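**Student:** Provided below for reference: sequence and predicted model.
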Amino acid sequence: MNNIRSISEKSPVNPDKWVGRYGDYLYRYTLVRVRDVAAAEDIVQETFLAALNSYKNYQGRSSEKTWLTGILKHKIVDYFRNKTKEALYHDTNTLSFAPEDFFNRKGQWKIRPVKWNADPQKLIEQQEFMKVLHDCLSQLSQRHANAFILREIIGEKVKEICKTLDITPTNCWVILYRARMYLRRCLEKSWFTDETYEETS
Amino acid sequence: MNHWMFNCRKVTRMVSDSLDHKLPLYQRFGIRIHLMMCKFCSRYRDQLLLMRKIIGPKMDKKETNLSIKLSSKARERIKRLMQNNRNEVS
């Protein structure tokens, strides 16, 4: 019985059945990451249409669900990247980017982290927070933004990210370190604190 | 501010790494000692963890998640578009 099931899962079914079979799953996957109903619907739509176009290249090596999810992930990254482009022209304070800039020569904090006052549950629900996040992501280079989106928003393993971006794990860790350092500072500046509370050394 | 053997710059890198892979014991130990004494690195760590919590996929209880469904309007639209698309191709 199991055998029959796995074969039927691997062999492509009629695309007419895709929406019924995988629509809810893909939508759910998208919504918990994108947190915007209209955007999530669009992304799922684009995914199915893209799948339709590349259907002939699908070899049945992975299950149909895995294959569709793979396309979906790309679409979600694209979504965040496009948001990023939209936000590019916003007036933003320039922030120091290299993690080294945060420390003095002895490796001590120069730009010290400030205490964040936030209720995580509330933040998740706030649309404005997502906007600030988009703005902050927009200031990262494409490489840093892609790595961060794949790791923290999609939830991909570093191994997978290395494959996608064609980089070594060490390289990936450095990129993620820089992206996190920058984003935490950006969120701190634009969302979490009043600069006057900042202690400077 | 000489917190044992790692300075703040090194600790921030290792804390970030610890979100992606398991660190060797001496590093985990070194981080712990350092964090006990350095409030800025502790804040940094809390911030990274909070970021992960609020930015990462927002998963509620399984039952709530399963109740999230593609609206019938979107479903019909997608089906229609796919149908059109296929007709164009063939």
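**Tutor:** Happy to help now that I have it.

**Student:** ranges for the helices of chain A?
**Tutor:** A:2-10, A:18-34, A:37-53, A:64-87, A:120-125, A:127-138, A:142-148, A:158-165, A:169-187 (DSSP state H).

**Student:** center of chain A, which residue is that?
**Tutor:** residue A:149 (2.3 Å; Cα atoms, centre = their mean).

**Student:** if we can go back for a sec, distance to chain B, mean neighbour count and mean pLDDT added to the helices of chain A, as CSV?
**Tutor:** No exception for glycine: its C-beta is placed from N, CA and C like everyone else's. Putting the helices of chain A into CSV (distance: least, Cβ to the nearest Cβ, whole Å; neighbours: other Cβ atoms under 10 Å in any protein chain shown; pLDDT from 0 to 100) gives the following:
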stretch, distance to chain B, mean neighbour count, mean pLDDT
helix A:2-10, 20, 10, 48
helix A:18-34, 4, 21, 93
helix A:37-53, 4, 19, 94
helix A:64-87, 10, 17, 83
helix A:120-125, 5, 13, 74
helix A:127-138, 7, 18, 83
helix A:142-148, 9, 20, 88
helix A:158-165, 5, 16, 89
helix A:169-187, 4, 21, 93
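
**Student:** My guess is the residue nearest to the centre of chain A contacts residue A:136. True?
**Tutor:** No. Residue A:149 lies out of contact with residue A:136 (Cβ atoms under 8 Å); the separation is 12.0 Å.

**Student:** So what does the closest residue to chain B within chain A look like in phi/psi?
**Tutor:** In chain A, the residue that lies nearest chain B is residue A:107 (3.1 Å; Cβ to the nearest Cβ). Note on residue A:107: its backbone torsions stand at phi 80, psi 20 [degrees, to the nearest 10].

**Student:** Could you check the pLDDT of it?
**Tutor:** The confidence metric pLDDT takes the value 93 at residue A:107.

**Student:** Equivalent analysis for residue B:4, please.
**Tutor:** For residue B:4, the model assigns a pLDDT of 50.

**Student:** what's the answer for residue A:201, then?
**Tutor:** For residue A:201, the model assigns a pLDDT of 41.

**Student:** now the residue of chain B found nearest chain A, nearest residue through space, not along the chain?
**Tutor:** Going by Cβ to the nearest Cβ, chain A is nearest to residue B:7 of chain B, at 3.1 Å. Among residues not flanking residue B:7 along the chain, residue A:107 sits closest, at 3.1 Å (Cβ to Cβ, 6 or more residues apart in numbering or on different chains).

**Student:** With residue A:178 as the reference, measure out to the one you found.
**Tutor:** Noted for residue A:107: a distance of 16 Å to residue A:178, by Cβ to Cβ, to the nearest Å.

**Student:** which residues sit in contact with the residue nearest to residue B:7?
**Tutor:** B:7-10 (Cβ atoms under 8 Å, 6 or more residues apart in numbering or on different chains).

**Student:** any idea how far residue A:134 is from it?
**Tutor:** Distance, residue A:107 to residue A:134, using Cβ to Cβ: 32 Å.

**Student:** What of residue A:183?
**Tutor:** Residue A:183 is 11 Å from residue A:134, by Cβ to Cβ.

**Student:** same deal with residue A:29?
**Tutor:** 20 Å.

**Student:** How about the contacts made by the closest residue in space to residue A:37 that isn't next to it in sequence?
**Tutor:** Among residues not flanking residue A:37 along the chain, residue A:31 sits closest, at 6.9 Å (Cβ to Cβ, 6+ apart). Listed by Cβ under 8 Å, 6+ apart, the contact partners of residue A:31 are A:37, A:40, B:68.

**Student:** now these in a markdown table, with distance to residue B:57?
**Tutor:** Conversion of those to a markdown table gives the following (distance: Cβ to Cβ, whole Å):
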| residue | distance to residue B:57 |
| --- | --- |
| A:37 | 16 |
| A:40 | 12 |
| B:68 | 12 |
